[in-house]
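A.B. asks: Make a model of this:
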Amino acid sequence: MTRTTPSPERARLAAALRDLRARTGLSMVGLAERTAYSKSSWERYLNGKSVPPRDAVRELCRLASEPEGRCLALWEIAESEWSGRAAQAGRTETPAGAPSEVPSPVPEPVPSEAPAPATRDETRTGHRGAAVAVLASVCAVVVGGVAITLFLVLGQDAPRTSSSASPSATGPRCKGSACEGRNPMDMKCGVGPQTLASYRTSSGAMLELRHSETCGTSWARMWGTRIGDRLEVTADGRPRSAEVEDEADAAAYVYTPMTTTRSGQVVRACFRPASDGRSDGGSDGEEECFESRVR
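C.D. replies: Purely as a prediction, here's the structure:
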């Protein structure tokens with residue numbers, strides 16, 4: 001069966017896998033050399049054109065030093081949709097009154113400089129959070145254990161960070177003022193960062209303030225968002241902002257550029273949800289801000 005456009009389930013998994021691949025610092029050729037899967041296979045998996053084998057997901061988690069629970073939960077959902085099990089379960093066993101939508105990831109693990117989350121930013125691996133229709137009921141019917149995992153992974157507010165950087169990562173590519181305005185994942189500053197604070201918005205989006213002691217920088221990230229949502233981070237210098245531009249962004253983590261920070265400095269993040277979409281142009285939702293001090 002040929003499928004050119006990834007479903008939301010596959011797009012979500014692919015975003016998480018791209019995030020992990022970026023954190024390993026490996027090219028497609030490098031992935032092929034270190035796993036049992038070819039370069040062309042990894043290209044299909046990371047673009048959402050096909051669902052990878054379960055073992056491929058586990059190998060990528062290992063290379064990125066990422067706990068595999070979240071990605072395997074996303075894999076179960078994507079594989080269920082891909083194989084048709086989800087549709088069959090939805091026709092025959094969907095409980096009445098089941099919610100039509102579940103919260104997006106949380107990431108880096110939805111989401112660790114993670115989060116999980118292709119992310120177009122903290123490199124589009126991966127990683128943050130399009131609406132996943134009827135997934136709660138599908139998980140409950142198809143894979144009961146996975147539903148529990150998703151609740152823990154996608155619903156929690158607690159920060160998720162890897163305990164150590166991938167041994168294959170090359171290390172930060174900038175430090176201090178040289179990182180100003182740069183992408184934290186491209187510069188490898190997103191490996192093993194501190195989570196300064198977490199915040200859930202009134203619209204359900206999740207936000208985190210992140211800090212890299214090695215790079216001397218801070219940034220913010222968001223997931224579980226909608227197209228048009230915006231996030232800005234400010235320390236003493238120029239504000240750095242990011243916007244959810246398309247469905248790929250909405251299904252992954254989106255990161256602001258970095259700003260230089262030091263110990264004791266206050267970092268502030270402000271989130272403004274997308275316009276309400278009224279015919280007269282509407283108005284953006286109310287801005288929500290939170291802050292933390294660099295430790």
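A.B. asks: Backbone torsions only: list them for the nearest residue to L207 once chain neighbours are set aside.
C.D. replies: Distance criterion Cβ to Cβ, 6 or more residues apart in numbering; nearest residue to L207, sequence neighbours excluded, is Y199 at 4.5 Å. C-beta: built from backbone N, CA, C; applies to glycine. Phi and psi for Y199, reported as degrees, to the nearest 10, are phi -150, psi 140.
A.B. asks: what sits against Y199?
C.D. replies: 206-208, 269, 271, 288, 290 (Cβ atoms under 8 Å, 6 or more residues apart in numbering).
A.B. asks: And S177, by the same measure?
C.D. replies: S177 neighbours (Cβ under 8 Å, 6+ apart): T260.
A.B. asks: Can you tell me how far it is from E213?
C.D. replies: Distance of S177 to E213, computed by Cβ to Cβ, to the nearest Å: 16 Å.
A.B. asks: And G237, by the same measure?
C.D. replies: Distance from G237 to E213, by Cβ to Cβ: 18 Å.
A.B. asks: just W75 next, same as before
C.D. replies: With Cβ to Cβ as the criterion, W75 and E213 are 33 Å apart.
A.B. asks: Count the residues that sit near G237.
C.D. replies: Residues near G237, counting by other Cβ atoms under 10 Å, number 12.
A.B. asks: In contact with it, which residues?
C.D. replies: Counting by Cβ under 8 Å, 6+ apart, G237 has contacts 180, 259-260.
A.B. asks: Mind checking which of those are buried?
C.D. replies: With burial judged by 16 or more other Cβ atoms under 10 Å, the buried subset of these is 259-260.
A.B. asks: Which SSE is immediately downstream of the lengthiest helix in the chain?
C.D. replies: Secondary structure of the chain per DSSP state H: the longest helix is helix 8-24. Later in the chain than helix 8-24, the nearest helix or strand by DSSP states H and E is helix 28-34.
A.B. asks: thinking again about what came up before, got JSON lines for the contacts of G237, with pLDDT, distance to R21 and secondary structure too?
C.D. replies: Putting the contacts of G237 into JSON lines (pLDDT from 0 to 100; distance: Cβ to Cβ, whole Å; DSSP: H, G, I helix; E, B strand; the rest coil) gives the following:
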{"residue": "E180", "pLDDT": "92", "distance to R21": "26", "secondary structure": "coil"}
{"residue": "T259", "pLDDT": "95", "distance to R21": "26", "secondary structure": "strand"}
{"residue": "T260", "pLDDT": "93", "distance to R21": "28", "secondary structure": "strand"}
